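Q: Any chance you can model this:
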Amino acid sequence: MIDKQEPGPIGYFSRVVAEFFEGYIDSSYEVELFSVANQACANELFVINESRDSAKLRLFLTSIFQFAQQTHEKGQDRFPNVPSAACLILCRGNAAARRWLIGEAIPDEIGALIAKEPPGSLQKRACKTFVECLIIGKQYGLTLPRGAPRQRVEQHLQSLPGVGHTMNRILGS
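A: Coordinates of the predicted model:
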């Protein structure tokens, strides 16, 4: 469904998932539900890392941000946190084996998603996720490499004042 970029079914599926999760926000089940979602995301990212499948990563992250777009304020706060939480889960396992995913692919793909997002609260939340992923990567020695990978990310972020500067400060360059 996502591969074919069919807006009707994607919108419907995103709305169903978003409404399900929204029903548990601020309930006694919220922490457990998002903990399971974070682990499921980490599992999917593990598979994507093994195959180094950038297209699948793009679709996966797009789906998460679609869920956030379909939710109201509190859901928009929760869904963008899932990728950074999943990065932390993966780094605690075997960070070095995730170098491509966390040090390069996720910053590139989230940067591209941020650039496509219209200015507003969801774009700001996506920027927060981007920065969190960079910080987690740096803590585990998985920084975005200089050269072409970093230049691609900088190109994605060039229209967003301050984000490129923040990235360079985090990465120490």
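Q: Got the confidence number for His72?
A: At His72, the predicted lDDT confidence score is 67.
Q: Give me the phi and psi for Leu160.
A: Main-chain dihedrals, Leu160, degrees, to the nearest 10: phi -110, psi 110.
Q: do you know how far it is from Phe67?
A: Separation of Leu160 from Phe67 (Cβ to Cβ, to the nearest Å) stands at 22 Å. Just so you know, the C-beta spots here come from the backbone N, C-alpha and C atoms, and that holds for glycine as well.
Q: Over to Tyr12?
A: 12 Å.
Q: which one of these two has more residues nearby?
A: Phe67 (26 against 13; other Cβ atoms under 10 Å).
Q: any idea which helix or strand comes after the helix or strand bottoming out on mean pLDDT in the chain?
A: Least confident element among the helices and strands of the chain, by mean pLDDT, DSSP states H and E: helix 73-78 (a mean of 68). As assigned by DSSP states H and E, the chain's next helix or strand after helix 73-78 is helix 81-94.
Q: Can you name the element that comes right after that following helix?
A: According to DSSP H and E, the helix or strand after helix 81-94 is helix 99-100.
Q: Give me the contacts around that next one.
A: Contacting residues not belonging to helix 99-100 are listed as Asn49, Arg52, Leu142 [Cβ atoms under 8 Å, 6 or more residues apart in numbering].
Q: Tyr29 - how many residues pack around it?
A: By other Cβ under 10 Å, neighbour count at Tyr29 equals 12.
Q: The one 3 residues further on too?
A: Summarising burial for Glu32: neighbours were counted as other Cβ under 10 Å, giving 11.
Q: Can you give me the buried ones in the helix or strand hosting Val131?
A: Assessed by DSSP H and E, Val131 sits inside helix 121-139. For helix 121-139, burial by neighbour count (16 or more other Cβ atoms under 10 Å) applies to 122-127, 129-134, 136-138.
Q: Quick check: which helices or strands does that helix pack against?
A: helix 54-70, helix 73-78, helix 81-94, helix 106-116, helix 163-171 (3 or more Cβ pairs under 8 Å, 6 or more residues apart in numbering; DSSP states H and E).
Q: So what touches the fourth one?
A: In this case it means helix 106-116. So helix 106-116 is contacted by 45, 54, 57-58, 61-62, 65, 83, 87, 123, 126-127, 129-130, 133-134, 137, 144, 149, 152-153, 156-157, 159-160, 163, 167 (Cβ under 8 Å, 6+ apart).
Q: Much appreciated, bye for now.
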